[in-house]
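S.K.: predicted model and sequence below, questions to follow.
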Amino acid sequence: MSAETAPVNGPGTVGAVLAGGAGRRIGGDKATVAIEGRPLVQWVIDAVTPVTESVALIAKPDTLLPHLDAGVSLWLEPDAGFHPLLGVLHALRCADGRPVLVVAGDMPLLTTDVLAHLAQPSATGSHGRVANVGDRLQPLCARYEPSALEALAEFDREARATDTVLAIGVEVVDFDDPLPFFNVNDPSDLLTAGAELKKRLAAD
């Protein structure tokens, strides 16, 4: 694993997994919590990797992380704030002009098929493509074009992430099944996600 705050050069889409959350409701150190024998964030990395040119983990300097594969970069956020879009902004800066497929690190049920669909370039010339399920926009599960960097550079940190993303202009991508977008926030969520992952592993 390489720890970097400078941009990485190269073509293609970067998979940016956001692991900067404090995880207070789950007892802290959310990225390292185990589900079915693997760290929570590893499930997300595994889903993102097949559909991107490279993968980076976005985290705060004090975030406790599990051991990561050598191919996964670590881009540490210099900003001490906790607005959800700060991680997106940092990923865009470090991506050096490449699009980023941003995924929250607490979505272990995301599938490669879902992400492959979301990762397609926008047909509308917008700043990105954002998942939407059940009329609930998912600004932390989205493809952002390089142009989103300037659009988000001075965003209002008092505003909701969904409002900010819609205001800059994005393509909304609708999904029918809410299960892939399930967030793990507390111990009961761990049980729910674990049961689903166990079923998937048994079916493989």
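M.R.: Thanks, I have it.
S.K.: any idea which residue sits dead centre in the protein?
M.R.: Val103 (1.6 Å; C-alpha atoms, centre = their mean).
S.K.: longest helix anywhere in the chain?
M.R.: The residue-count maximum for a helix in the chain (DSSP state H) belongs to helix 187-203.
S.K.: who does it touch, helix- and strand-wise?
M.R.: The elements that helix 187-203 packs onto, with contact taken as 3 or more C-beta pairs under 8 Å, 6 or more residues apart in numbering; DSSP states H and E, are strand 34-35. (Each C-beta comes from the backbone N, C-alpha and C, glycine too.)
S.K.: tell me how far the strand it packs on lies from the chain's centre.
M.R.: Using C-alpha atoms, centre = their mean, to the nearest Å, we find the averaged C-alpha position of strand 34-35 to lie 18 Å away from the chain's own average C-alpha position.
S.K.: what lies in contact with it?
M.R.: Contact partners of strand 34-35, identified using C-beta atoms under 8 Å, 6 or more residues apart in numbering, comprise Leu40, Trp43, Pro108, Val184, Leu190, Ala193, Gly194, Leu197.
S.K.: so what are the sheet partners of the helix or strand that that strand is followed by and their directions?
M.R.: Toward the C-terminus, strand 34-35 is succeeded by strand 38-39 as the next helix or strand (DSSP states H and E). In the sheet containing strand 38-39, its partner strands are strand 34-35 (antiparallel), by DSSP bridges.
S.K.: average pLDDT for the strand it pairs with?
M.R.: Throughout strand 34-35, pLDDT has a mean value of 90.
S.K.: cool, and stretch 99-119?
M.R.: For stretch 99-119, the per-residue pLDDT values average out at 96.
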